[in-house]
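A.B. asks: Prediction below, plus the sequence it came from.
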Protein chains: 2
Amino acid sequence: MEHTLIINSILTIEKTALEAWHNGNPSKFLELYSKNYTYFDPIQELRIDGKEKIKQLYDSYEGKMEIMDSFEMINPKVQISEKIAVLTYNLHSFLGDKIIKENCTEIYKLEDDDEWRIIHSHWSLTQFFHK
Amino acid sequence: MEHTLIINSILTIEKTALEAWHNGNPSKFLELYSKNYTYFDPIQELRIDGKEKIKQLYDSYEGKMEIMDSFEMINPKVQISEKIAVLTYNLHSFLGDKIIKENCTEIYKLEDDDEWRIIHSHWSLTQFFHK
């Protein structure tokens, strides 16, 4: 697959999952996670390992997620190396006059069944020291 | 190269750079960065792209970095896919009675000259919401 096609595929997959997430539905991200997925966010004390563990976390969010007005993926970049595509972007999420700013790293892998799945995510708050 | 050998190489490279960093010397990390390196940390407003840009940032730290007493890499994990090795760990850095806790993602790539270099780093503060 050409690099431009890979980039467009990855961006489409990620945006679809982000739209669902901002509507309070984490299942689209969950579907993307590889069996041996690893995860960092600003809430957990340690890295979370494995799809089953992240499913438990997301299940605990059910019905409690804030529905956001909109979001913006800022300056997304995809670094491709054979079957790995590293997607990074800054994410701004809007609710009323509130903006949440995040740094996002998603490592996609083209798995043996020819599907792109995420093997690692790292979410963090942007410019923490300036807040 | 066998996976165990790759994991040991990556851990040794990273620990050497971390030791230098905790002694106030960012040059060991800088040497590891690929030309098209990308970078997130808790201070910047946006992702930093390219080795030249990160060199400018690290140059600005010269002589100003705190010398830490020690550090601990907690539960390091390496996910390998052909020429990519994704290293993740929790980092605790100690200075007197202060502990800084971070989530760390380092994406290493085996480049054409057969050297492992980092193509993306994401550093963030652990368990921000509980502080």
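C.D. replies: Thanks, I have the structure now. Residues are numbered from 1 along each chain as shown, chains lettered A, B, ... in the order given.
A.B. asks: Would you mind measuring from residue A:68 to residue A:21?
C.D. replies: 8 Å (CB to CB, to the nearest Å). The way it works is simple: take the backbone N, C-alpha and C, and place the C-beta from them, glycine included.
A.B. asks: Who has more neighbours out of the two?
C.D. replies: For residue A:68 versus residue A:21, neighbours defined as other CB atoms under 10 Å in any protein chain shown are more numerous around residue A:21 (20 against 17).
A.B. asks: doesn't residue A:31 make contact with the more buried one?
C.D. replies: No - with contact defined as CB atoms under 8 Å, residue A:21 does not reach residue A:31; the gap is 11.9 Å.
A.B. asks: got the contact list for residue A:41?
C.D. replies: Counting by CB atoms under 8 Å, 6 or more residues apart in numbering or on different chains, residue A:41 makes contact with A:121, A:123, A:124.
A.B. asks: Any idea what the last one is bridged to?
C.D. replies: When bridges are assigned using DSSP bridges, the partners listed for residue A:124 are residue A:103.
A.B. asks: ditto for residue A:109
C.D. replies: Note on residue A:109: beta-bridge partners residue A:84, residue A:117, judged by DSSP bridges.
A.B. asks: quick one, what contacts the residue of chain A found nearest chain B?
C.D. replies: Of all residues in chain A, the one sitting closest to chain B is residue A:124 (3.1 Å; CB to the nearest CB). Residues in contact with residue A:124 (CB under 8 Å, 6+ apart) are A:40, A:41, A:42, A:102, A:103, B:40, B:42, B:103, B:122, B:124, B:125, B:128.
A.B. asks: How confident is the prediction for the closest residue to residue A:3 other than its chain neighbours, by pLDDT?
C.D. replies: Using CB to CB, 6 or more residues apart in numbering or on different chains and skipping residues adjacent in sequence, the residue nearest residue A:3 is residue A:80, 5.5 Å away. On pLDDT, residue A:80 comes in at 97.
A.B. asks: any chance of the contacts of residue A:124 in CSV, plus pLDDT?
C.D. replies: As requested, these are arranged in CSV below (pLDDT from 0 to 100):
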residue, pLDDT
A:40, 98
A:41, 96
A:42, 93
A:102, 97
A:103, 98
B:40, 98
B:42, 93
B:103, 98
B:122, 98
B:124, 97
B:125, 94
B:128, 65
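A.B. asks: if we take those, which one ends up nearest to residue B:10?
C.D. replies: The shortest gap between residue B:10 and any of the contacts of residue A:124 belongs to residue B:122, at 16.1 Å (CB to CB).
A.B. asks: quick one: buried residues of the helix or strand harbouring the closest one?
C.D. replies: Here residue B:122 sits within strand B:116-125, counting by DSSP states H and E. For strand B:116-125, the buried set under the neighbour-count rule, 16 or more other CB atoms under 10 Å in any protein chain shown, comprises B:116, B:117, B:118, B:119, B:120, B:121, B:122, B:123, B:124, B:125.
A.B. asks: swap in stretch A:41-54?
C.D. replies: A:41, A:42, A:44, A:47, A:48, A:51, A:54.
A.B. asks: can you name the two of the residues you listed that are farthest apart?
C.D. replies: A:42 and A:51 (20.7 Å).
A.B. asks: Enumerate the residues of chain A near chain B.
C.D. replies: Where proximity means CB under 8 Å from any CB of the partner chain, the interface of chain A facing chain B comprises A:36, A:38, A:40, A:42-47, A:49, A:74-75, A:77, A:79, A:81-84, A:86, A:88-90, A:103, A:105, A:107, A:109, A:119-120, A:122, A:124-130.
A.B. asks: and if we set it to 6 Å?
C.D. replies: A:38, A:40, A:42-43, A:45-47, A:79, A:81-82, A:84, A:86, A:88, A:90, A:103, A:105, A:107, A:109, A:119-120, A:122, A:124, A:127-129 (CB under 6 Å from any CB of the partner chain).
A.B. asks: Next, check those against the strands and list the overlap.
C.D. replies: Of the residues of chain A next to chain B, the ones assigned to strands by DSSP state E are A:38, A:40, A:79, A:81, A:84, A:86, A:88, A:90, A:103, A:105, A:107, A:109, A:119-120, A:122, A:124.
A.B. asks: Out of those residues, which end up buried?
C.D. replies: Buried residues within those, defined by neighbour count using 16+ other CB under 10 Å: A:38, A:40, A:79, A:81, A:84, A:86, A:88, A:90, A:103, A:105, A:107, A:109, A:119-120, A:122, A:124.
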